[in-house]
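S.K.: Quick one, structure for this:
(one chain, ligands or ions: 1)
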Amino acid sequence: MKVDSVEGETIPGVGQLGWSNSGLHRGGVIRSIELIPVKLPFRTNFKIAFGAPRPGIDVLVLKMHTESGLVGIGETQAWLRQGSRDTLRSLISIIEEQFVPRLVGKNVFNHASILKELREAVWGTNYALAPVSDAILDLQGKILGVPAYQLLGGRSRESVCAGITLGISQDENALLEDVAQWLEQGFTSFTVKVGNDPERDANVVEKVVHAFGDKAIIRADGNSGMDWAGALRFMNRVEGLGLDAVEQLLPPSDMEGMAELARRYNTPIMADEMVSYASDLLRVIQMKAATVFQTKIAKNGGAWACKQLWEIGSSAGMRIFPGNHPGASVASAAALHLATAWPGPLLEGPIAVGINEVLAEDIITEPIPRKGKHLFIGDAPGLGVTLDEDKLKHFKVEL
Ligand SMILES: [Mg+2]
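M.R.: The predicted model follows:
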């Protein structure tokens, strides 16, 4: 099909599409991309199944400048664990060398075709795609004068409820004290990180359930750290504890093992590391390898791509656990806009690590409002968050 009288961009196989003579077209043309790598400290070191306790996170902030002088922002993280391989350097190299030449001159209102082209330029690059896709959403909102949730389906809820993740700790009493404090603040959903030692892991989960199981929802997350024998030992111990879900005990390559766990145990099994793309989620559904799945802005390539996964998963009757890697509040905002727009049920996931004050520092000027576990997305255009340039300068790293 050829559309008459337009001088917009040419899309192969589609013809010319455009906003030709409108201000919207000119407002949405991408001029340049700016990348700012930062390291942000945690309040206390954070430990997952793999590696030493982590003192902070590597965050990449992307600014997308348009010909009209507008700036859209997005965020990704280099959070290394099974299923991810990106560092700040590799993310910058993919974006600068492969994405920028394909982005400059494009109109942000051609979101889907831009993402398709970038995906095909470099396969398996969700972590690099995420800040591009979310910056596009931010710019669309700023140009149209609407919050990003309006571009993802409109407002479906007044607030989004977040949960808390508890890192692996050698000090079990301190961990129990932490849970008590978060409960006092109004949080009711907790994920206990496990994956190092099945017997010790089961002991910790048991203690948390015995102390707080009557007033909180408790889950455990193995971060792919267990082998088959370890997963069986752990599941045998926790099966009767009434956990809401046990998340990704086995490596992402062992979907058969995860399916076997889901078959053997009544405790719901959650997929995280093994779901990067829609094709992964379809395979999880086909194999009945989980009944709950988690999405993350960086892992899954931005809010737009997460929405696709939520549509697929909910259509298959799966529960959605909206998460994020530890990160700053630009990625939190993207996930919160999607959750605000989502009309179906959502679990209380670790959607906003910065907001929960786990980070010692954030990079936005005004925190996203929180009351207890409730996070509130307002009606400012786009993602509705503003970068704190002084903080960015302070935490910027030279690579
Ligand atoms: Mg996880």
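S.K.: before we move on, could you check phi and psi at whichever residue of the stretch 151-300 of the chain sits closest to the ion?
M.R.: Nearest residue of the stretch 151-300 of the chain to the ion, counting by CB to the ion: residue 272, 3.6 Å away. All C-beta spots, glycine's among them, are computed from the backbone N, C-alpha and C. Phi and psi for residue 272, reported as degrees, to the nearest 10, are phi -130, psi -80.
S.K.: can you pull the contacts of it?
M.R.: Residue 272 is in contact with 221, 223, 247-248, 293-294, 323, counting by CB atoms under 8 Å, 6 or more residues apart in numbering.
S.K.: what comes into contact with stretch 77-88?
M.R.: 37, 48-51, 57-60, 76, 90-91, 94, 127-128, 223-224, 251-252, 273-274, 276, 298-299, 325-327, 331, 397, 399.
S.K.: Give me the buried subset of those residues.
M.R.: For those, a neighbour count by 16 or more other CB atoms under 10 Å gives the buried set as 37, 48-49, 57-60, 76, 91, 94, 127-128, 223-224, 251-252, 273-274, 276, 298-299, 325-327, 331.
S.K.: Which of the helices or strands spans residue 377?
M.R.: Per DSSP states H and E: residue 377 is located in neither a helix nor a strand.
S.K.: For it, give me its contacts.
M.R.: Shown in contact with residue 377 (CB under 8 Å, 6+ apart): 147, 149, 160, 333, 336-337, 340, 368, 384.
S.K.: try residue 379
M.R.: residue 147 are the contacts of residue 379 under CB under 8 Å, 6+ apart.
S.K.: so it sits in a helix?
M.R.: No. With DSSP: H, G, I helix; E, B strand; the rest coil as the criterion, residue 379 is located in coil rather than a helix.
S.K.: what mean pLDDT does the longest helix anywhere in the chain have?
M.R.: In the chain, taking DSSP state H as the definition, the longest helix is helix 126-144. For helix 126-144, the mean per-residue pLDDT is 97.
S.K.: after it comes which helix or strand?
M.R.: Next along from helix 126-144, by DSSP H and E: helix 148-151.
S.K.: okay, that next one in PDB with CA atoms only?
M.R.: C-alpha atoms of helix 148-151 as PDB (Å, rounded to 0.1, in the frame of the first residue of the first chain):
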ATOM      1  CA  ALA A 148       3.700   6.800  29.200                       C
ATOM      2  CA  TYR A 149       1.000   4.700  30.700                       C
ATOM      3  CA  GLN A 150      -1.500   6.300  28.300                       C
ATOM      4  CA  LEU A 151       0.600   4.800  25.500                       C
END
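S.K.: Poorly predicted segments of the stretch 1-150 of the chain, please.
M.R.: Scanning the stretch 1-150 of the chain for pLDDT under 70 picks out 1-25.
S.K.: What are the buried residues along stretch 134-151?
M.R.: Buried-residue list, stretch 134-151, by 16+ other CB under 10 Å: 134-144, 146-151.
S.K.: just to revisit the earlier point, take the contacts of stretch 77-88 and keep only those in helices.
M.R.: Those of those lying in helices (DSSP H): 90-91, 127-128, 298-299, 331.
S.K.: related to what we said a few turns ago, select only the buried ones of the contacts of residue 377 in ChimeraX?
M.R.: The ChimeraX command for the buried members of the contacts of residue 377 (criterion: 16+ other CB under 10 Å) is given here:
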select :147,149,160,333,336,337,340,368,384
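S.K.: ok, the nearest residue to residue 305 once chain neighbours are set aside - contacts?
M.R.: The shortest distance from residue 305 to any non-neighbouring residue, by CB to CB, 6 or more residues apart in numbering, is to residue 133 (6.6 Å). Taking CB under 8 Å, 6+ apart, we find residue 133 in contact with 74, 111, 115, 301-305.
S.K.: separation between residue 133 and residue 119?
M.R.: Distance, residue 133 to residue 119, using CB to CB, to the nearest Å: 10 Å.
S.K.: who in the chain is up against the ion?
M.R.: Counting by CB under 5 Å from the ion, the positions of the chain adjacent to the ion are 221, 272.
S.K.: So what does the closest residue to residue 50 other than its chain neighbours have for phi and psi?
M.R.: With CB to CB, 6+ apart as the criterion, residue 50 has its nearest non-adjacent residue at 5.7 Å, and that residue is residue 81. With angles defined as degrees, to the nearest 10, residue 81 sits at phi -170, psi 180.
S.K.: The one 5 residues further on now?
M.R.: The phi and psi values for residue 86, taken as degrees, to the nearest 10, are phi -90, psi 140.
S.K.: tell me, how many neighbours does it end up with?
M.R.: 23 (other CB atoms under 10 Å).
S.K.: What segments of the stretch 251-399 of the chain are helices?
M.R.: 255-264, 278-287, 297-300, 303-315, 329-341, 389-395 (DSSP state H, counting those that start in this stretch).
S.K.: now residue 51: how far from residue 167?
M.R.: The value you get for residue 51 to residue 167, if CB to CB is used, is 12 Å.
S.K.: Report all helices and strands that the longest strand anywhere in the chain contacts.
M.R.: Using DSSP state E to define each element, the chain has its longest strand at strand 30-46. On a contact count with 3 or more CB pairs under 8 Å, 6 or more residues apart in numbering; DSSP states H and E, strand 30-46 meets strand 54-66, helix 88-93, helix 100-103, helix 389-395.
S.K.: Comparing the ones you listed, which comes out most buried?
M.R.: strand 54-66 (a mean of 21; mean count of other CB atoms under 10 Å).
S.K.: Just the angle for it relative to helix 126-144, thanks.
M.R.: If you take axes from the mean of the first three to the mean of the last three CA atoms, to 10 degrees, strand 54-66 sits at 50 degrees to helix 126-144.
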